[in-house]
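1. Here is a sequence with its predicted model. Questions after.
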Amino acid sequence: MPWMIDAEFAMDKTAVFNYKVSIMRRFFIKPSDIRDNTAEITGQDARHLATVLRITCDDTVELFDGEGHDFKARVETATARRVTLTITETSVSRRESPAHITIAQGMLKDKKMDMLIRHLTELGIVEWIPFFGARSVPKPDEKRVQQRMKRWEKIAKEALKQCGRSLAPGIKQPVSFQQLLEASDNYDEKIAFFEKATVPLTHLQEKNQEPGRKFIVLIGPEGGFSDREAAAAEDHGFGTFTLGPRILRAETASITACALVQHFFGDLG
């Protein structure tokens, strides 16, 4: 009976449509674009709201400011150049981890770094520090570095929209390995994952950990750490841990390491 199949298909399409409509749209807004209970969206987001999503007056959207605040707002006017809104509700984000995790990542090729900043933002990092290790292959000039940083910031904000976070991770200027070690004194717990290490992260879990502790997690570039770098990290107070018996690609190691730290000390699982 073909008409029954068609009817079921039509019902499924309607259900999917209604589901999509029920999702509240979420947009980044700079704190400077909020005054009292009014907000203004301009640029590409305004064009997307007005011409693609066809948002109209009295529709409700969700905003976030990248500093940990969420807003519900009612649309007052909507054009391709400017959308004005009235904020109806303000709240502090509840999707931030109690563990403050910084990922210090040895420089990888561009696309790998782009992918990592997206996934690590979803996993809840609060800071991202690229560094040049002894085995880092890409060594861009200053102009290229600044371009990459702007791109990483954009990718991180896009990831915030998707995952529901409201606090943008701090993206730091790439540094040398030595500079990274010197900056690590500001953290409560220093973790380095090294392919020659044998101690599992569960060893660290046995220590008494309080919420709000600051973790810095050190991940090497494609070629990993040299023995000299691993020794220098230990001299600066890093514990070296294993990610298991298999050799992981650098980008896989970074995501796995972040997920493990979130699982043991944060809010994952």
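-> Thanks, I have the structure now. Numbers count the residues shown, from 1 in each chain.
2. Could you use CA atoms for every contact and neighbour count after this?
-> Fine.
3. Double-check that residue 89 belongs to a strand.
-> Yes. Per DSSP: H, G, I helix; E, B strand; the rest coil, residue 89 lies within a strand segment.
4. so what's it up against?
-> Residue 89 makes contact with 71-73 under the criterion Cα atoms under 8 Å, 6 or more residues apart in numbering.
5. now, which of those residues sits nearest residue 235?
-> Relative to residue 235, the closest of those is residue 71; by Cα to Cα it sits at 45.6 Å.
6. For the closest one, grab the count of nearby residues.
-> Look at residue 71: counted by other Cα atoms under 10 Å, it has 23 neighbours.
7. and what of residue 43?
-> Around residue 43 there are 11 residues (other Cα under 10 Å).
8. Distance of it relative to residue 29?
-> In this view, residue 43 and residue 29 are 11 Å apart by Cα to Cα, to the nearest Å.
9. what's the answer for residue 167, then?
-> Noted for residue 167: a distance of 12 Å to residue 29, by Cα to Cα.
10. With residue 240 instead?
-> Relative to residue 29, and taking Cα to Cα, residue 240 is found at 40 Å.
11. With secondary structure added, can I get the contacts of residue 89 in CSV?
-> Shown next, in CSV, are these (three-state DSSP):
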residue, secondary structure
71, strand
72, strand
73, strand
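12. Can you tell me which of these is closest to residue 199?
-> Within these, the smallest distance to residue 199 is 44.1 Å, found for residue 71 (Cα to Cα).
13. thought the closest one was touching residue 62?
-> Yes. Here residue 71 reaches residue 62: they are 5.6 Å apart, a contact under Cα atoms under 8 Å.
14. Including pLDDT and distance to residue 112, could the contacts of residue 89 go into a markdown table?
-> Shown next, in a markdown table, are the contacts of residue 89 (pLDDT from 0 to 100; distance: Cα to Cα, whole Å):
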| residue | pLDDT | distance to residue 112 |
| --- | --- | --- |
| 71 | 95 | 33 |
| 72 | 95 | 34 |
| 73 | 94 | 36 |
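15. returning to what we had before: next, show the common contact partners of residue 167 and residue 29.
-> 65-66.
16. Compare those two and say which one has the larger neighbour count.
-> Set side by side, residue 167 and residue 29 show more neighbours around residue 167, with 24 against 20, by other Cα under 10 Å.
17. tell me which element residue 217 falls in.
-> Element membership for residue 217 (DSSP states H and E) is strand 214-219.
18. That strand pairs with which strands, parallel or anti?
-> When pairs are called by DSSP bridges, strand 214-219 turns out to pair with strand 100-106 (parallel), strand 189-193 (parallel).
19. export those to CSV and tack on distance to residue 34, mean neighbour count and mean pLDDT?
-> CSV is the format used below for the strands paired with strand 214-219 (distance: least, Cα to Cα, whole Å; neighbours: other Cα atoms under 10 Å; pLDDT from 0 to 100):
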stretch, distance to residue 34, mean neighbour count, mean pLDDT
strand 100-106, 27, 25, 97
strand 189-193, 37, 22, 95
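20. If anything else comes up later, I'll come back, but that's it for now.
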